[in-house]
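1. 3D model of this:
(4 chains)
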Protein chains: 2
Amino acid sequence: MTDERGLRLAALPRDHPCGRCEVRLDTFCGALKAKELAEFKALGSTARAEPGQCLFHEGDTAELVFNVTRGTLKLYRLLPDGRRQIASFIQPGDFLGLTVEEVHAYTAEALEPVDYCRFPRERFDRFADEHPEIGRELYAMAAHELAAAREQIVLLGRKTAIERVASFLLARFDRVRARNPDWEIVRLPMTRTDIADHLGLTKETVSRAFTSLRRRGLIALIPDARVELLRREPLEHLAAGERG
Amino acid sequence: MTDERGLRLAALPRDHPCGRCEVRLDTFCGALKAKELAEFKALGSTARAEPGQCLFHEGDTAELVFNVTRGTLKLYRLLPDGRRQIASFIQPGDFLGLTVEEVHAYTAEALEPVDYCRFPRERFDRFADEHPEIGRELYAMAAHELAAAREQIVLLGRKTAIERVASFLLARFDRVRARNPDWEIVRLPMTRTDIADHLGLTKETVSRAFTSLRRRGLIALIPDARVELLRREPLEHLAAGERG
DNA sequence: CGGACTTTTGACCAGGCTCAATAATAGTGG
DNA sequence: CCACTATTATTGAGCCTGGTCAAAAGTCCG
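-> Next comes the predicted model:
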């Protein structure tokens, strides 16, 4: 298990039919009683997607809501001439497909093998309506996503190439550290092209930025698509946009 | 009354203490009974901000929630060296200051004289908790804002200068047309610098894009900071990112 | 080991930025 | 109403960051 969730997941009973699901819904564990949680989980069914498979495409009617339990996806939109913008990367624990629109505005494609629970949207919505505490959780999640989206807006609107890459890496490191405070290595399951399409750059520029950060001694590139954080402070300064 | 809300507001009793407020809370009119609506409005008090004044600054503790009833604001963040990114422009009817964080991540500054209702956050939250239908409205609003933010991400990440300006103008026109379907003129209360800081460009590039659109016969620039839409189709093609 | 793919690096190019000058516009006070 | 000023918008010239195109090096498979 090389993935960033690391030890905690490894310690869980993998054979339990909803073992993974149980963890990834921990957001709701605080909000729901055991009985209600079981009831909620009964609404969904588990499934798997292989790399390159899409859970839904831009323009599809939004019939399902997803909760990712393993693996990473990219959420992107294509312009008519093929330019691509990746709005965000979706990781274990994230919900996906929540929308008030009729159709999805983005395509969700698996980067690696992905396990997920899927809920019929109608049943999901009804459950949320009947359980205000869930509604509140969903609201908090939307608010967090909005904050993250606006962070990305600042990045795309005003940061230089190397600042964007520094911000991206720090966001990855922080996500790992939330669970493993002393973890200094993160795996990047996405290609340079994916990162570029997320940061509004080209793959070449992303690669040059990685090289520059490595030469400055801020990071190290490790086999198996991993990155090690060597010096956090200067990386944070770069990410914050302090010129120098 | 040159402003885009146009006739509808003009027809309201201006002397009524909450006349304006009544309109701008129309989002909730459908969700709440008259008695509850009155109860809700009693939570807030009206106030005014002059151009340049800020309702709150980046880093302030979030103690109030705002609902704008007249005028336009810009919501922005500054990088340490002065680079600025305007996340969005806030218009009559919009809520402001809704966050699950303790502090505001952005500064909200008035572009023109702004009237607004303000609600103590605690009371606002409690009311929302007690009225699930309000919670649902808030969730829908957050979802819409998230969709708009992601639209902006596509714009900033992958569109050219002229495509960004075309998208920006169309968004303005569409907002007007939602209320006045045959309205083809929009006032832009923000400066070229503001537009530039919203679109990730410089004021010179924005100005050149306006000139280019005018020379192509897609728009006309009218005194009093207004723009007329002459040819919608080609502007939409540009905004959508069809190269050519 | 071989082939496909990804990443890195290099050389050159261009879209948009910077700096600067001019023009238009909006206030302001006489 | 108009001159005067301050601010904003437009236009021009040159530059630079990051894009494009191409080649080499590295990686991951079977």
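
2. centre-most residue in chain A?
-> Geometric centre of chain A, nearest residue: residue A:90, 2.6 Å, by Cα atoms, centre = their mean.

3. that one and chain B: what is the separation?
-> The gap separating residue A:90 from chain B is 13 Å, by Cβ to the nearest Cβ, to the nearest Å. The way it works is simple: take the backbone N, C-alpha and C, and place the C-beta from them, glycine included.

4. ok, residue A:187 next?
-> Computed as Cβ to the nearest Cβ, the residue A:187 to chain B distance reads 24 Å.

5. try residue A:201
-> Taken as Cβ to the nearest Cβ, the span from residue A:201 to chain B is 9 Å.

6. quick one: residue A:119 and residue A:47 touch, right?
-> No - counting by Cβ atoms under 8 Å, residue A:47 is not a contact partner of residue A:119; they are 11.4 Å apart.

7. quick check: longest helix in chain A by residues?
-> Using DSSP state H, we find that the single longest helix of chain A is helix A:132-158.

8. for that helix, which positions count as buried?
-> Buried residues in helix A:132-158, counted by 16 or more other Cβ atoms under 10 Å in any protein chain shown: A:132, A:134-139, A:141-143, A:145-147, A:149-158.

9. cool, stretch A:230-244 as well?
-> A:234-235, A:238-239, A:241.

10. just those now: which is nearest chain B?
-> Nearest to chain B among the buried residues of stretch A:230-244, counting by Cβ to the nearest Cβ, is residue A:241 at 3.7 Å.

11. phi, psi for the nearest residue to that closest one once chain neighbours are set aside please.
-> Closest residue to residue A:241 apart from its sequence neighbours, by Cβ to Cβ, 6 or more residues apart in numbering or on different chains: residue B:79 at 3.7 Å. Phi and psi for residue B:79, reported as degrees, to the nearest 10, are phi -80, psi 160.

12. now swap in residue A:230 and tell me
-> According to degrees, to the nearest 10, residue A:230 has phi -100, psi -50.

13. do you know how far it is from DNA strand D?
-> In this view, residue A:230 and DNA strand D are 18 Å apart by Cβ to the nearest atom of the strand, to the nearest Å.

14. where does the prediction get shaky in chain A?
-> Applying pLDDT under 70 to chain A flags residues A:1-27, A:29-30, A:244.

15. 80 - rerun?
-> Within chain A, the segments meeting pLDDT under 80 span A:1-34, A:243-244.

16. domain-wise, how is it divided?
-> A:2-152, A:159-240 (automatic domain parsing).

17. of all those domains, which one is nearest residue B:99?
-> domain A:2-152 (6.5 Å; Cβ to Cβ).

18. show me how far that closest one is from its chain's centre.
-> Averaging C-alpha positions (Cα atoms, centre = their mean, to the nearest Å) puts domain A:2-152 9 Å from its chain's average.

19. coming back round to it: report the contact partners of the residue nearest to residue A:241.
-> Going by Cβ atoms under 8 Å, 6 or more residues apart in numbering or on different chains, residue B:79 touches A:154, A:158-159, A:240-241, B:85.

20. can you count the residues close to residue A:101?
-> Counted with other Cβ atoms under 10 Å in any protein chain shown, residues neighbouring residue A:101 total 11.

21. and if you look at residue A:116?
-> 30.

22. and it, what does it touch?
-> So residue A:116 contacts A:46-49, A:55, A:66-70, A:96 (Cβ under 8 Å, 6+ apart).

23. do the same with residue A:48
-> Applying Cβ under 8 Å, 6+ apart, the residues contacting residue A:48 are A:113-116.

24. got a winner among these for most neighbours?
-> residue A:116 (30 neighbours).

25. for that residue, give the beta-bridge partners.
-> Here residue A:116 sits in beta bridges with residue A:47, residue A:68, going by DSSP bridges.

26. state the phi and psi torsions of the closest residue to the residue nearest to the centre of chain A other than its chain neighbours.
-> Computed as Cβ to Cβ, 6+ apart, the closest residue to residue A:90 that is not its neighbour in sequence is residue A:73, at 4.2 Å. Main-chain torsions, residue A:73, degrees, to the nearest 10: phi -130, psi 160.

27. for the one 10 residues further on, same thing?
-> With angles defined as degrees, to the nearest 10, residue A:83 sits at phi -60, psi 140.

28. how near is it to residue B:144?
-> Residue A:83 sits at a distance of 25 Å from residue B:144 (criterion: Cβ to Cβ, to the nearest Å).

29. how about residue A:215?
-> From residue A:215 over to residue B:144 (counting by Cβ to Cβ), the distance is 44 Å.

30. still on that earlier bit, could you tell me how many residues sit around the residue nearest to residue A:90?
-> For residue A:73, using other Cβ under 10 Å, the count is 28.

31. ok, what's across the strand from it?
-> residue A:90, residue A:110.

32. is it true that it touches residue A:113?
-> No - using Cβ under 8 Å as the test, residue A:73 is too far from residue A:113 to be in contact (10.9 Å).

33. which residues are common contacts for the two?
-> residue A:49.

34. how about the secondary structure of the closest residue to residue A:165 other than its chain neighbours?
-> Nearest-residue entry for residue A:165: residue A:209, 3.9 Å, with adjacent residues in sequence omitted and distances by Cβ to Cβ, 6+ apart. Assigned state for residue A:209: helix (three-state reduction, DSSP: H, G, I helix; E, B strand; the rest coil).
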